[in-house]
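*Asks:* Got a predicted model here, sequence first, then my questions.
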Amino acid sequence: MFCSCRIFKFCCRQIWKLFRRPGKWVFGALTSYALLTAVILAFCLLIYHSDKVPQNVFTFQGRDLFHLIPKMRKTTTLERSSCKDLTLLRIPDPTIDTLNKSLFCDDAAENRDVVCRWFFNQIGLEEGRSCDRPDDGYGVPKIVYYVIFGPYNFQFWHYVSIMSAKKIIKPWGLYVIGDAHPFGYWWKRAMKDVKGLRFVYREQPPKIANRTVQWKHHLSDLVRLQMLMLNGGIYLDTDMVVVNSLDPIRNHDITMGIIENGNMGNAIILAKRHSPFVKEWYEGYFTFNGSDYFINSLHVPFDMWQKNPGRIHLESDKFYRPNWFEADKLYNKSDFPWQNKYAVHIWTSSNPVPKGPEELKTLNTTIGQIFRYILYDDPALPKIP
Ligand SMILES: *[C@@H]1O[C@H](CO)[C@@H](O)[C@H](O)[C@H]1NC(C)=O
Ligand SMILES: *[C@@H]1O[C@H](CO)[C@@H](O)[C@H](O)[C@H]1NC(C)=O
Ligand SMILES: *[C@@H]1O[C@H](CO)[C@@H](O)[C@H](O)[C@H]1NC(C)=O
Ligand SMILES: *[C@@H]1O[C@H](CO)[C@@H](O)[C@H](O)[C@H]1NC(C)=O
Ligand SMILES: *[C@@H]1O[C@H](CO)[C@@H](O)[C@H](O)[C@H]1NC(C)=O
């Protein structure tokens with residue numbers, strides 16, 4: 001660009017030399033040239049200032065200016081979807097400001113697993129190329145999240161859930177996000193048996209949209225949407241056990257399931273990065289109602305589905321059956337056809353969930369079969385020797 005300015009000035013000078021003697025019309029032409037020169041110079045200066053360059057570059061090397069032009073065409077920080085997402089995410093949750101923004105929305109972020117970058121930043125290691133996102137042709141990346149706040153004793157069934165994610169999904173990234181490490185034998189076992197399982201520290205939001213949070217679940221509900229929005233992937237509750245590949249449903253904007261009338265389940269969510277559905281659902285938290293357990297996390301997405309069923313892919317039967325009121329099919333019976341489901345919700349509260357592998361040796365029930373399938377590849381009861 002500057003080169004052409006110089007050439008232009010050179011031309012002007014030549015013309016001046018040629019025409020300074022003859023009649024007055026030349027004067028008019030020259031004035032036009034001078035004006036044009038001024039306009040182009042002003043334009044050059046404008047470009048120069050629009051891109052904060054250190055002052056010492058003012059020596060105006062043509063090379064430097066060429067340098068600036070491709071830079072101008074790149075999306076600016078404000079235009080990038082991830083940066084816009086961060087701005088939106090912080091409205092009900094100002095603790096978003098504790099995240100290092102550039103990890104989530106710099107030039108490299110769009111082609112990386114940003115939670116992986118976040119993890120590497122936390123442990124003080126260079127990420128190198130280890131956070132690149134493979135492109136396997138599906139919209140939803142094989143990145144799995146669990147989000148739980150507060151310290152908790154990691155149970156045998158949490159371990160089974162993580163093992164199911166490892167075995168069935170074969171994820172590129174597997175993250176447990178929270179403000180405290182889980183503890184106990186089964187957490188240690190999970191860390192040992194699942195290479196690439198990563199705990200990522202995330203400050204606990206003290207409030208949602210300035211309102212007190214009565215149920216800690218709501219913090220996890222909020223943060224799981226943040227992760228899906230910024231990175232895309234698969235959210236799992238620790239009581240979901242995946243039993244079949246999710247590949248057939250990895251190309252929808254979002255996939256969820258209805259648990260029962262009026263309640264969308266959020267124990268398993270597959271979503272593309274920057275999903276418009278997740279965005280709108282999240283915006284519901286701007287007016288979070290802390291005294292209603294269901295509204296923001298389960299009713300809002302249900303109502304959105306009712307308004308426009310095409311926006312969401314549902315897998316109610318393959319995610320949430322047996323239902324919580326059909327729990328005897330899991331815990332008392334052994335003939336439930338779980339083999340054609342994507343995942344099974346194991347309804348841990350008030351049911352006798354197996355506490356360790358000893359129980360699996362004799363448990364002639366659906367849950368016994370599922371756990372044995374995940375851990376030993378064989379749902380059948382072991383033969384008595
Ligand atoms: C934030 O992330 C950027 C991009 O990876 C990194 O260069 C910078 O050191 C990080 N800052 C902190 C305080 O960790
Ligand atoms: C929370 O309160 C702050 C300070 O009063 C206000 O600026 C902000 O808009 C509020 N946020 C929401 C989501 O209501
Ligand atoms: C919040 O939910 C409760 C319980 O459903 C309801 O009584 C109350 O009116 C709601 N508050 C607002 C501000 O919507
Ligand atoms: C399973 O059977 C036992 C004994 O009959 C009963 O007490 C229990 O409630 C049943 N469990 C479920 C989930 O129905
Ligand atoms: C398991 O229970 C079923 C009935 O639900 C029964 O038919 C079957 O024989 C039992 N299997 C074993 C190995 O006890």
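*Replies:* Okay, I see it. Remember, it's a predicted structure, so these values are computed and weren't measured experimentally. Residues are numbered from 1 along each chain as shown. Ligands and ions are numbered 1, 2, ... in the order given.
*Asks:* Grab the longest strand from this protein for me.
*Replies:* strand 263-271 (DSSP state E).
*Asks:* What is the helix or strand that comes right after that one packed up against?
*Replies:* As assigned by DSSP states H and E, the chain's next helix or strand after strand 263-271 is helix 276-283. Judged by 3 or more CB pairs under 8 Å, 6 or more residues apart in numbering; DSSP states H and E, the packing partners of helix 276-283 are helix 81-89, helix 217-231, helix 300-307. In short, each C-beta sits where N, CA and C put it, glycine included.
*Asks:* could you give the angle of the longest strand of the chain to helix 300-307?
*Replies:* Per axes from the mean of the first three to the mean of the last three CA atoms, to 10 degrees, the angle that strand 263-271 makes with helix 300-307 is 90 degrees.
*Asks:* For the stretch 151-300 of the chain, which segments are assigned as strands?
*Replies:* Along the stretch 151-300 of the chain, counting by DSSP state E, counting those that start in this stretch, strands occupy 173-178, 197-201, 233-236, 240-242, 254-260, 263-271.
*Asks:* want to throw those strands into a markdown table with mean neighbour count?
*Replies:* Listed next are the strands of the stretch 151-300 of the chain as a markdown table, based on neighbours: other CB atoms under 10 Å:
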| stretch | mean neighbour count |
| --- | --- |
| strand 173-178 | 23 |
| strand 197-201 | 18 |
| strand 233-236 | 26 |
| strand 240-242 | 24 |
| strand 254-260 | 21 |
| strand 263-271 | 23 |
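*Asks:* closest one to residue 328 among those strands?
*Replies:* Across the strands of the stretch 151-300 of the chain, residue 328 has its closest neighbour in strand 254-260 (16.5 Å, CB to CB).
*Asks:* Any residues of the protein in contact with ligand 4? List them.
*Replies:* Residues of the chain found near ligand 4 (CB under 6 Å from any ligand atom) are 327-328, 331-332, 351.
*Asks:* tell me the contacts of the residue in the stretch 151-300 of the chain that ligand 1 sits nearest to?
*Replies:* Going by CB to the nearest ligand atom, ligand 1 is nearest to residue 201 of the stretch 151-300 of the chain, at 13.0 Å. Contact analysis of residue 201 by CB atoms under 8 Å, 6 or more residues apart in numbering lists 122, 178-179.
*Asks:* Show me what it bridges to in the sheet.
*Replies:* Beta-bridge pairing for residue 201 (DSSP bridges): residue 178.
*Asks:* Could you tell me the single residue of this protein that sits nearest to ligand 5?
*Replies:* Ligand 5 sits closest to residue 364 of the chain, with a gap of 3.7 Å, by CB to the nearest ligand atom.
*Asks:* my guess is that residue is in a strand, correct?
*Replies:* No. Counting by DSSP: H, G, I helix; E, B strand; the rest coil, residue 364 is not found in a strand; it is coil.
*Asks:* excluding its backbone neighbours, what's nearest it?
*Replies:* Leaving aside its sequence neighbours, residue 364 sits nearest to residue 334 (CB to CB, 6 or more residues apart in numbering; 5.3 Å).
*Asks:* correct me, but the one you found touches residue 365?
*Replies:* Yes. Using CB atoms under 8 Å, residue 334 makes contact with residue 365 at a distance of 5.3 Å.
*Asks:* ok, the two, which is more surrounded?
*Replies:* Comparing residue 334 with residue 365 by other CB atoms under 10 Å, the one with more neighbours is residue 365, at 19 against 15.
*Asks:* what does the stretch 151-300 of the chain put close to ligand 2?
*Replies:* Taking CB under 6 Å from any ligand atom as the contact definition, the stretch 151-300 of the chain meets ligand 2 at 209-210, 286.
*Asks:* Against ligand 1, which of those make the cut? List them.
*Replies:* By CB under 6 Å from any ligand atom, no member of those lies near ligand 1.
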